[in-house]
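1. got a sequence here, can you build the structure:
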Amino acid sequence: MSSSAGQPGSESNNSDHTAEVNPFEYELDLSWPQIVKIGIGAVILLPIRLFLTIFVLAAGLLMCHTVSLGLETNADGHYDEPITGWRRAVYNVLVPFLARLWLYVLGFWYIPFKGKLAKSDEAPIFVMAPHSSFMDGLVPLIFPNCYSAVTRFENRTVPMLGPLIDVVAPIYIRRERKESRQLAQQEIVRRTKQGGWPPIMIFVEGTCTNRRAMLPFKAGAFSPGAPVQPMILRYEGSPHCIWTTTHPLFLIFILYCTPMNNASVEFMEPVIPTEEEKKDAPLYAENVRRKMAKYLGIPLSSYRHRDFLRMQQLATEKKST
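-> Numbers count the residues shown, from 1 in each chain. Next up, the predicted model:
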């Protein structure tokens, strides 16, 4: 890894007002040279990468069973206490190694980064936006002091990946249940105040977008009133890392068949809340959102996850008529 990356986006004035751009609509437009490369990759790269992926996941599952041996979670899937001792040592070494190995398998040969990763006592929460695919959760794992995350409870049941998610001590949330969202927020506050936990990474928009606008942030990440560090991922030249309206399985196929994929990471300076922001989580969230949108040079959006669900419903109804 290198300590340099591309320049941040221009500080456009468009970030200062709500945009009308739809943050969910996205059409994957592949050129003929790209299609030819994918076709060749399907014959040569796909079987090799699938075999190596099985190897990486099998090694990850072995690590998960070793680290979690004898540990129990509560009804919400949460650990009551942080993983410590030899378990934490194994976790901190093997998780970054296996994450980087899997990224090599996927064709992410070089991942430049810019800025400095804050220590957990400097910023116990990472906020990431825009969020566009599962790669957003994999790439940050290559850095030391692995994070836990807030993720959907359904991800716990994904074959092979579920135990890998479980071992990073995530905070699970059932988005359709209000009480689950409240419990997740309470758990974020508890871990932040208790200390000893790995940093918490939160996709503060709550859903995937096309990265063309910044959705309103969920206030849960800001409810502890603790410093947060904004983290930004870029996928220059890798349009298949945007999972909104195109089926994820097709995008995974393209990912595995593409010879070289690109990603870069940028750490912004930690944001220390004012006394007013500590008492007002929505205000804190909005101010951080504006900072990140200005840094990226993208507009703000008033769309939310429920709007995406409504779009999907309308599209389904249109197909059935």
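
2. wait, L138 sits on L103?
-> Yes: counting by CB atoms under 8 Å, L103 is a contact partner of L138 at 6.7 Å. Where you see a C-beta, it was placed from the backbone N, CA and C, and this is true even at glycine.

3. and those two? Which one has more around it.
-> L103 (20 against 17; other CB atoms under 10 Å).

4. pull the residues that contact the helix or strand the more buried one falls within.
-> L103 belongs to helix 85-105 when assigned by DSSP states H and E. Contact with helix 85-105 is made by 49, 52-53, 56-57, 59-60, 63, 66-67, 71, 82-83, 111, 138-139, 141-146, 167-168, 263, as judged by CB atoms under 8 Å, 6 or more residues apart in numbering.

5. please repeat the previous calculation with a cut-off of 7 Å.
-> Residues from elsewhere that reach helix 85-105 (CB atoms under 7 Å, 6 or more residues apart in numbering): 49, 52-53, 56, 59-60, 63, 66-67, 83, 111, 138-139, 141-146, 167.

6. now it: buried residues?
-> Neighbour counts using 16 or more other CB atoms under 10 Å place 87-88, 91, 94-96, 98-103, 105 of helix 85-105 among the buried residues.

7. quick check: mean pLDDT of that helix?
-> What helix 85-105 shows for mean pLDDT is 90.

8. cool, stretch 196-203 as well?
-> Summarised as a single mean, pLDDT over stretch 196-203 is 89.

9. how far does that stretch sit from the chain's center?
-> Centroid separation for stretch 196-203 versus its chain: 12 Å, with CA atoms, centre = their mean, to the nearest Å.

10. same deal with stretch 46-59?
-> 22 Å.

11. what mean pLDDT does that stretch get?
-> Here stretch 46-59 scores 95 as its mean pLDDT.

12. pull the number of nearby residues for R177.
-> If you count neighbours by other CB under 10 Å, R177 ends up with 11.

13. got a pLDDT number for A315?
-> pLDDT, A315: 67.

14. before we move on, the earlier item: so how do I select the buried members of the contacts of helix 85-105 in PyMOL?
-> Buried residues among the contacts of helix 85-105 (16+ other CB under 10 Å), as a PyMOL selection:
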select buried, resi 49+53+56+60+63+67+83+111+138+139+141+142+143+146+167
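
15. so which of the contacts of helix 85-105 are in helices?
-> Residues of the contacts of helix 85-105 located in helices (DSSP state H): R49, L52, T53, V56, A59, G60, M63, T66, V67, L138.

16. is K278 in contact with G225, as I believe?
-> Yes: here K278 reaches G225: they are 3.5 Å apart, a contact under CB atoms under 7 Å.

17. low pLDDT regions in the stretch 201-321 of the chain?
-> Across the stretch 201-321 of the chain, residues meeting the criterion (pLDDT under 70) sit at 312, 315, 321.

18. mind running it again at 90?
-> Applying pLDDT under 90 to the stretch 201-321 of the chain flags residues 206-208, 236-249, 302-321.

19. can you pull out the helices in it?
-> Assigned by DSSP state H, counting those that start in this stretch, the stretch 201-321 of the chain shows helices spanning 248-257, 275-279, 281-296, 305-320.

20. could you dump these to CSV with mean neighbour count?
-> Converted to CSV, the helices of the stretch 201-321 of the chain look like this (neighbours: other CB atoms under 10 Å):
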stretch, mean neighbour count
helix 248-257, 17
helix 275-279, 13
helix 281-296, 20
helix 305-320, 12
